[in-house]
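Trainee: Show me the folded form of this:
(2 chains)
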Amino acid sequence: MSVKLSDSGLWRTLSPGSYVRALIVDDNPSDRDIYRRFLESDKKRKYDVLEAGSAKAAIEVLADDNIQCVLLDYKLPDMSGIEFLEYLQSTTDTSMIPVIVVTGQGDENLAVRCLRKGAVDYVPKDKVSPGVFHRAIGNAIVQADMRSTIEQQTKSLTKANNELRTRNEEIKRFYHAVSHEIKTPLTATREFIAIVLDELVGELNSEQKEVLSHALDSCDDIATQFNDLVDCTRLETGKLRLRKSPCTIEGIIQRSFVAVSPTLRGSQITVKQKVQSGLPEVEIDGVRMVRVVSNLLTNAIQHSKAGDTIRIYGRRLDDAFVIGIRDTGCGIPAEHLPRIFDRLYQVAEDTDELFAEGLGLGLTIAREIVNLHGGDLLVESEVGKGSTFIIKLPDSIEIHEDAREVHST
Amino acid sequence: MKTVLIVEDDKGISLAMGIRLKAMGYQVESASDAVTAISQARKIDPDVILLDIGLPGGDGFVVAERLQQLNQTAVTPIVFITASKQAGLRERAMEMGAVRFIEKPFDATELADAIESALCPGDEWGIVVTECRPD
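Mentor: Predicted coordinates:
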């Protein structure tokens, strides 16, 4: 005869044929004997019944044996039922054991107090019968089982949640630290370049000036990237702010193309642009939108091979302005699509990494920037055929000519 | 000639700012930690202090607080500089009475503007003050 304790330490609902280990606590031997016979008459369950004549004896049994259920007579010589329940609740090992209290006749208030102290059920002495006991014990065991499962799950969820929170904080701190550490030497580099460019240490010819001004732009790019990194940790708190100014869709596409042209050079990849004519001026954060488009273009270039063509288009579609970037690269497997905008998520398939470069922040930030404009960043992709990223901006960003005139007067 | 004290622990940034400020016509002194910053400030009595926030031996705020307690440097204008994106730094700097708060990397115009407005507080209020340009 044995009662199995499952691996997780939970009492599992007992299958027919196994034993319920019950403890009867009553100072009256003849009552104990009656209760025992009641239990043993159960046709659904078999019992392994232990007896204790006092609270003290009961506590000793509970400390050693895996008792699954207690039948407790409220009146004990050495302790009241309430005190006994309090003791069980205060001890970790026994706090989960279901207790059914047998109370005196007509004492409902006492029964309620026992339930408040953790008893799962009560049976008035005059209602005691085999059937009542069988039902009460059956319910108690199922309840205890569920309670213990829920408690375990709550515990592990709380633990997992705390771990995630800690992890998130660590990542944020890491971003800040990396950003700070990089920006310090970058500041010096940028300033040294600027000093030469401003001819503080000697004259330059126009070609030298142009080259150095590119170097300066690159320094600013690095700074922007690292600011993004920090911005990214602020996305969830909505602290990223846009700096809007009048731009054109064509201008955005043009500037993005210029931004990626060094990557494109020598790659034999063609980028074809097509912008609908007569598109109005729009009010957006131009610097950030260029970064979104050039980020998507860079991704497209990375997934294209020599001879491929990337198409970028800008147009009005119903009540939206749309910028699309279509490549004929490897495409993104359907199961990855829902997650590609997640922070730090990169699709890696064997050794062929789709998003091998960068920190994996690009798409997260891109979508966030588009969202902040009231728009949406969408993706359509088919493995082997390529991907299309679509920036959809609401037409409310349009600057109306009449509004402009009012504004300028 | 007006004197600028650069308090910056990164040698590169300190050197670069020095070259820039000298070219603008300022006399430049420097310190690379909190303690030296305070002793240098007392010794040379600068017209402006460029103060990095992340410093060894006590951050820029500690230095500023100490300088403001000393008679000699109590009203010396301070321009804070930082590479940190930590929230609330700008607010804290302004509360301490900083003239400007500059984020790294900065450009020469930003630096020049900050120092000029530190030297010519009237400009901020649209008051014309002559004889306060670097001499």
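Trainee: And the residue of chain B closest to chain A?
Mentor: B:Gly12 (2.9 Å; CB to the nearest CB). C-betas here are computed from N, CA, C, even on glycine.
Trainee: That residue looks like it's in a helix, true?
Mentor: Yes. Assessed by DSSP: H, G, I helix; E, B strand; the rest coil, B:Gly12 belongs to a helix.
Trainee: quick one: it from A:Val178, how far?
Mentor: Look at B:Gly12 and A:Val178: by CB to CB, to the nearest Å, they are 18 Å apart.
Trainee: ok, now A:Asp228?
Mentor: 12 Å.
Trainee: Once you drop chain neighbours, what's closest to A:Ala63?
Mentor: Once flanking residues are discounted, A:Ala63 sits nearest to A:Asp93: 7.3 Å by CB to CB, 6 or more residues apart in numbering or on different chains.
Trainee: coming back round to it: the more surrounded of A:Asp228 and A:Val178?
Mentor: For A:Asp228 versus A:Val178, neighbours defined as other CB atoms under 10 Å in any protein chain shown are more numerous around A:Asp228 (22 against 14).
Trainee: what's the spacing between that one and B:Ile102?
Mentor: As judged by CB to CB, A:Asp228 and B:Ile102 stand 20 Å apart.
Trainee: Need the three-state assignment for the nearest residue to A:Ala306 once chain neighbours are set aside.
Mentor: Distances taken as CB to CB, 6+ apart place A:Gln268 nearest to A:Ala306, at 3.8 Å, with adjacent residues excluded. With three-state DSSP as the basis, A:Gln268 sits in coil.
Trainee: how close does A:Gln268 sit to A:Asp73?
Mentor: Between A:Gln268 and A:Asp73 the computed distance is 91 Å (CB to CB).
Trainee: Compare the two (neighbour count), which wins?
Mentor: A:Asp73 (21 against 10).
Trainee: tell me the contacts of that one?
Mentor: A:Val25, A:Asp26, A:Asp27, A:Asn28, A:Asp31, A:Gly81, A:Val101, A:Val102 (CB atoms under 8 Å, 6 or more residues apart in numbering or on different chains).
Trainee: quick one: A:Val201 and A:Ile193, what's the gap?
Mentor: For A:Val201, the distance to A:Ile193 - CB to CB - is 11 Å.
Trainee: more neighbours, those two?
Mentor: For A:Val201 versus A:Ile193, the count of surrounding residues by other CB under 10 Å is larger for A:Ile193: 18 against 11.
Trainee: Is the more buried one located within a helix, as I assumed?
Mentor: Yes. According to three-state DSSP, A:Ile193 belongs to a helix.
Trainee: right, and it touches A:Leu212 too?
Mentor: Yes. If you go by CB atoms under 8 Å, A:Ile193 and A:Leu212 touch, sitting 5.7 Å apart.
Trainee: Neighbour-wise, which one of the contacts of A:Asp73 leads?
Mentor: Neighbour max across those (other CB under 10 Å) = A:Val25, 29 neighbours.
Trainee: hey, where'd the strands end up in the stretch 251-400 of chain A?
Mentor: All strands of the stretch 251-400 of chain A, identified by DSSP state E, counting those that start in this stretch, fall at A:270-275, A:282-284, A:309-317, A:320-326, A:348-349, A:352-353, A:376-382, A:386-394.
Trainee: Which neighbouring elements make contact with the first one?
Mentor: The elements that strand A:270-275 packs onto, with contact taken as 3 or more CB pairs under 8 Å, 6 or more residues apart in numbering or on different chains; DSSP states H and E, are helix A:249-264, strand A:309-317.
Trainee: so which of those gets nearest A:Leu85?
Mentor: The closest of these to A:Leu85 is strand A:309-317. By CB to CB, the value is 69.8 Å.
Trainee: Pairing partners for that closest one, with directions?
Mentor: strand A:270-275 (parallel), strand A:320-326 (antiparallel) (DSSP bridges).
Trainee: Just want the angle from that strand to helix A:249-264.
Mentor: Orientation check (axes from the mean of the first three to the mean of the last three CA atoms, to 10 degrees): strand A:309-317 against helix A:249-264 gives 170 degrees.
Trainee: Would you indicate which residues of strand A:309-317 are buried?
Mentor: For strand A:309-317, the neighbour count (16 or more other CB atoms under 10 Å in any protein chain shown) marks A:Ile310, A:Arg311, A:Ile312, A:Tyr313, A:Gly314 as buried.
Trainee: Pipe those residues into a markdown table and attach distance to A:Gly384 and pLDDT per row.
Mentor: Listed next are these as a markdown table, based on distance: CB to CB, whole Å; pLDDT from 0 to 100:
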| residue | distance to A:Gly384 | pLDDT |
| --- | --- | --- |
| A:Ile310 | 16 | 94 |
| A:Arg311 | 18 | 94 |
| A:Ile312 | 21 | 94 |
| A:Tyr313 | 22 | 94 |
| A:Gly314 | 27 | 94 |
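Trainee: and of those, the nearest to A:Pro394?
Mentor: Distance to A:Pro394 across the buried residues of strand A:309-317 (CB to CB) is lowest for A:Gly314, with 15.0 Å.
Trainee: Identify those among the contacts of A:Asp73 that sit within helices.
Mentor: Using DSSP state H, the subset of those located in helices is A:Asp31, A:Gly81.
Trainee: Adding pLDDT, write the contacts of A:Asp73 out as CSV.
Mentor: What follows is the contacts of A:Asp73, written out as CSV (pLDDT from 0 to 100):
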residue, pLDDT
A:Val25, 93
A:Asp26, 92
A:Asp27, 91
A:Asn28, 91
A:Asp31, 91
A:Gly81, 87
A:Val101, 91
A:Val102, 90
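Trainee: Tell me which of the contacts of A:Asp73 fall in strands.
Mentor: A:Val25, A:Val101, A:Val102 (DSSP state E).
Trainee: Can you name the residues that contact the first one?
Mentor: To tie it back to what came earlier, the one meant is A:Val25. So A:Val25 contacts A:Glu51, A:Ala52, A:Ser54, A:Ala55, A:Ala57, A:Ala58, A:Val70, A:Leu71, A:Leu72, A:Asp73, A:Leu76, A:Phe84 (CB under 8 Å, 6+ apart).
Trainee: change it to 10 Å
Mentor: Neighbouring residues of A:Val25 by CB atoms under 10 Å, 6 or more residues apart in numbering or on different chains: A:32, A:35, A:50-55, A:57-59, A:61-62, A:70-74, A:76, A:79, A:81, A:84, A:99, A:101-102.
Trainee: One more: the second one?
Mentor: With contact taken as CB under 10 Å, 6+ apart, A:Val101 is in contact with A:25, A:70-74, A:81-82, A:84-85, A:110-111, A:113-115, A:117, A:119-124.
Trainee: before we move on, what about the last one?
Mentor: For A:Val102, the residues meeting the contact criterion (CB under 10 Å, 6+ apart) are A:24-26, A:31, A:35, A:71-75, A:81, A:122-125, A:127-128, A:133, A:136.
Trainee: ok, now with 6 Å
Mentor: A:Val102 makes contact with A:Asp73, A:Val123, A:Lys125 under the criterion CB atoms under 6 Å, 6 or more residues apart in numbering or on different chains.
Trainee: CSV for the residues you listed, including distance to B:Ala98?
Mentor: Listed next are the contacts of A:Val102 as CSV, based on distance: CB to CB, whole Å:
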residue, distance to B:Ala98
A:Asp73, 77
A:Val123, 76
A:Lys125, 81
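Trainee: So which of the residues you listed is the closest to chain B?
Mentor: The closest of these, once distances to chain B are taken by CB to the nearest CB, is A:Val123, at 61.4 Å.
Trainee: where does the closest one land in three-state SS?
Mentor: The three-state label given to A:Val123 by three-state DSSP is strand.
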